[in-house]
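Asks: 3D model of this:
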Amino acid sequence: MDFDLTERQAFYRDRVREFLESRIRPRQQEFKDQLNQGDRWQPVPLIEELKPEARAAGLWNLFMPPGHALRHVDESFQFEGTQLTNLEYALCAEEMGRIGWASEVFNCSAPDTGNMEVLHRYGTAEQKEQWLRPLMNGEIRSAFLMTEPAVASSDATNIECDIARDGDEYVLNGRKWWSSGAGDPRCKVAIVMGKTDKGADKHRQQSMVLVPLDSPGITIERALTVYGYDDAPHGHMEIELRDVRIPASNMLLGEGRGFEIAQGRLGPGRIHHCMRTIGAAEEALAAMVRRLQSRLAFGKKLAEHSIWHERVARARIDIDMSRLLCLKAADMMDKAGNKAAAAEIAMIKVQAPQMALRIIDDAVQAHGGAGVSQDFGLAYAWAGIRTLRLADGPDEVHNRAIARLEFSKHA
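Replies: Coordinates of the predicted model:
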């Protein structure tokens, strides 16, 4: 095993790091000011200003693996961007994860990354021209509508949204929530998962379709908050679909192939979250150490109290172990495919958020009352990462998969 970065891996990681430190981090207050001026549900001008700079620097659409690694790809459509392997991108995504809004500057933010990969992998030429091209150019945003409030959506076979064929159209009826990104006025299209044949085998009932968000019958009912945060202008919406009609040509890949698409989409999406989470944990550790070295209590610096030696050491150990597991999963995805890396993806999906939450919680404790305020961003970071223990499959589902693989070794 060679743990040294290749020249290419270090090159892109360092370029993303330099851009973040020179162009993004110094403007954090400007971002906050713009976000809180006027209508919070409008795009932040600073992000739109920085996008062309990132694109000109060749730091654009970094998340898409080279085309040869994808199935079903229509080679006539050229994906535009600096395509990196999963391993190369992991190092860049960690840097982006240090500042919550940084990913969008590089056109590498969820759910657009997963939706672009679905369109690139499974979309027709017409679907790609209509939706993938403006997404990859950063001109529009998108949403992924899967979770439903009426069922346990961790088991995707429970999804009940009805997708009924009617001549040259499909008619959708259902209710979705945690439709992240649908609050942004730039969000123009959603990938919706629902059932086209409730009498088929349980893993062939589901399909995915492309739904323009201005279609008649779509009602965005409310924005859901995450521990009180609304995540504007991105947002997490509850949406009603009532007799929504779309062209039959908006079907992705074919009826009954929703699970196949989901497996192709969720593997990379899960690990992208984990990559960014490691960056967030590094930020929390740095904030904790700075605070401990700057505050006095009971006659000495907080950093001199032994309890903090243990917590800081544990944080460093946990971050480095988690990074290695994340890089291993990414490397396996590149070499053997997403399916072969299923166990590693599941393990890092459980490990990374739990690790980061412990470190952020310790950082909050080090900051005292300031830690739970809006001043240091720790409370917001904790809230966001806490949702990752539910998003793209809860911990229990991934632990079940890991355990079943382990049981099979000793059957």
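
Asks: Give me the nearest residue to F31, chain neighbours excluded.
Replies: L46 (5.2 Å; C-beta to C-beta, 6 or more residues apart in numbering). From N, CA and C alone the C-beta is placed, and that goes for glycine too.

Asks: What number of residues are in the vicinity of the one you found?
Replies: 19 (other C-beta atoms under 10 Å).

Asks: now it: how far from K328?
Replies: 36 Å (C-beta to C-beta, to the nearest Å).

Asks: can you check A248 too?
Replies: Relative to K328, and taking C-beta to C-beta, A248 is found at 43 Å.

Asks: so what's the most centrally placed residue in the chain scoring on pLDDT?
Replies: Per C-alpha atoms, centre = their mean, the C-alpha nearest to the average position across the chain is that of A110, at 4.1 Å. We have a pLDDT of 94 for A110.

Asks: Ok, the one 10 residues further on next?
Replies: At H120 the predicted local distance difference test score is 91.

Asks: Likewise for Q293?
Replies: The model reports Q293 with a pLDDT of 97.

Asks: Without its sequence neighbours, what residue ends up closest to it?
Replies: A303 is the one closest to Q293 (C-beta to C-beta, 6+ apart), at 4.9 Å.

Asks: pretty sure that neighbour contacts V289?
Replies: Yes - applying C-beta atoms under 8 Å as the test, A303 and V289 come out as touching, 7.5 Å apart.

Asks: Give the other helices and strands that whichever helix or strand D320 is part of contacts.
Replies: Assigned by DSSP states H and E, D320 falls within helix 306-336. Counting contacts by 3 or more C-beta pairs under 8 Å, 6 or more residues apart in numbering; DSSP states H and E, helix 306-336 packs against helix 86-96, helix 258-294, helix 342-367.

Asks: picking that back up, of A248 and K328, which one has the most company?
Replies: Taking other C-beta under 10 Å, A248 and K328 do not tie; K328 has more neighbours (17 against 13).

Asks: contacting residues for the residue nearest to that one when sequence neighbours are not counted?
Replies: What sits nearest to K328 in space, not counting adjacent residues and going by C-beta to C-beta, 6+ apart, is E344, at 5.8 Å. Going by C-beta atoms under 8 Å, 6 or more residues apart in numbering, E344 touches 325, 328-329, 332.

Asks: quick one, phi/psi of the residue of the chain positioned farthest from its centre?
Replies: Here the chain reaches farthest from its C-alpha mean at G299, the gap being 44.3 Å by C-alpha atoms, centre = their mean. Main-chain dihedrals, G299, degrees, to the nearest 10: phi 90, psi 0.
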